[in-house]
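1. Build me a model from this:
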Amino acid sequence: MKVLVTGGTGFVGSHTVVALRGQDHDVRVLARDPDGAGKTLAAIGMGDAEVVEGDVTDRPSVERAVSGCDAVLHAAGRYSFDVRESRRIQEVNVQGTEHVLGAAVDAHLDPIVHVSSYVALLPQRDQVLTPDSPVGRPKGAYAASKAAAEAVARRHQEAGAPVVVVQLGTVLGPNDPQIGVNTHMMIGAVKSAVGMRGGGPFVDVRDVAGTLAAAVRTGRGPKRYMATGWYLDFVDLLRIVDEVTGRERKLSVMPTVFAKAFGSGADLVARISRRPMPLSYADAWITSLAPRCDDSRTREELDVEPRDIRATVMDTLRWLAEDGHIELPEAPDGRGRG
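-> The predicted model follows:
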């Protein structure tokens, strides 16, 4: 099967390209910068993937990329809690989804896999989110854009299109080509012993890629899955970081009210100073909800079991250290535990 992948040079997308090639699919990657994309793909051993120039916000280029493919996996998206990026987030995450899914439906591709997020379902009265929980009305430009994009996907599903929605948790893991939001969070978790109250679902990028690749099956119609891994309180994440690095730190917990107030102030500073800030109000709001997710359908139908989150944290930190982003203390045997 020939699969068009959008966002193929990002964190989730690049790992998914590897997983798709591992299942003997031919892969075509849509990229704004084909040369840069080619170098990124070559670095992960996927230099044989076809790269075509285009942008998800440009419908004609998407239509050209879709031509000749059997399926599409839409992983492109702008992942940022920076309040200054609201317009770009809307363009890429919502308009881009409209273009990619619309072009794929018109071209009769099957399946059409859309990468969504659990934040699209927030907030909910239910204690546990499921793949079929209603689309929410979350706060913040990013989360709101994911909700709007999921609504686009569900409209196509309701019309009978073979759209497969996969809602992701907070994705961690090694080999992040862009050093994105979550990888920066892990760098911060090594350097700071302050955590927020609340938490959420954390999942390994390799398990996400395996789930997305497993969802590329023709003739199954509209489907929804979660790739959300395990629930963790944020402070427990810091404890795992200390456990795998062999350190003992006194951890502090930032009250929810303070975290939200700090996030609001940080948003204002970001607008004025035009610099990114370490925390936003939306980020604090999402964490404070501490949502749980039910991914049993993924385990049963796609046969994907998430790995131990401690192994994910260990692999992430080891890679960050090897790549020069952090320094880890050495274990007593001198080999280090990161």
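2. Every contact and neighbour count from this point should use C-alpha atoms.
-> Noted.
3. I'd like the average pLDDT over stretch 161-168.
-> Averaged over stretch 161-168, pLDDT sits at 98.
4. actually stretch 233-246, not the one I typed
-> 92.
5. what is the residue nearest to V72 when sequence neighbours are not counted paired to in the beta sheet?
-> Excluding the flanking residues, the one nearest V72 by CA to CA, 6 or more residues apart in numbering is L4, at 4.6 Å. Assessed by DSSP bridges, L4 has beta-bridge partners R28, V72.
6. Give me the distance between L4 and G200.
-> Counting by CA to CA, to the nearest Å, the separation of L4 from G200 is 31 Å.
7. More neighbours: which of the two?
-> Taking other CA atoms under 10 Å, L4 and G200 do not tie; L4 has more neighbours (29 against 23).
8. Run a quick check on that one versus E63, I expect a contact.
-> No: contact criterion CA atoms under 8 Å: L4 and E63 do not qualify, at 11.0 Å.
9. Buried ones in stretch 255-274, by neighbour count?
-> Neighbour-count burial for stretch 255-274 flags 256, 259-260, 262-264, 266-268, 270 (criterion: 16 or more other CA atoms under 10 Å).
10. With only the CA atoms kept, save that stretch in CSV.
-> Extracted C-alpha coordinates of stretch 255-274, given in CSV (Å, rounded to 0.1, in the frame of the first residue of the first chain):
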residue,chain,number,x,y,z
PRO,A,255,-0.9,24.5,43.7
THR,A,256,-3.4,24.6,40.8
VAL,A,257,-4.5,28.2,41.5
PHE,A,258,-0.9,29.4,41.5
ALA,A,259,0.0,27.5,38.3
LYS,A,260,-3.0,29.0,36.4
ALA,A,261,-2.2,32.5,37.7
PHE,A,262,1.5,32.0,36.7
GLY,A,263,0.4,30.7,33.3
SER,A,264,-1.9,33.7,32.7
GLY,A,265,0.9,36.1,33.6
ALA,A,266,3.3,34.2,31.4
ASP,A,267,0.9,34.5,28.5
LEU,A,268,0.8,38.2,28.9
VAL,A,269,4.6,38.4,29.1
ALA,A,270,4.9,36.3,26.0
ARG,A,271,2.7,38.7,24.0
ILE,A,272,4.6,41.7,25.2
SER,A,273,8.1,40.4,25.0
ARG,A,274,7.6,38.1,22.0
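11. wait, what's in contact with K2?
-> By CA atoms under 8 Å, 6 or more residues apart in numbering, the contact set of K2 is 25-28, 68-71.
12. try it again with 7 Å
-> Contacts were defined as CA atoms under 7 Å, 6 or more residues apart in numbering; by that measure K2 touches 25-27, 69-71.
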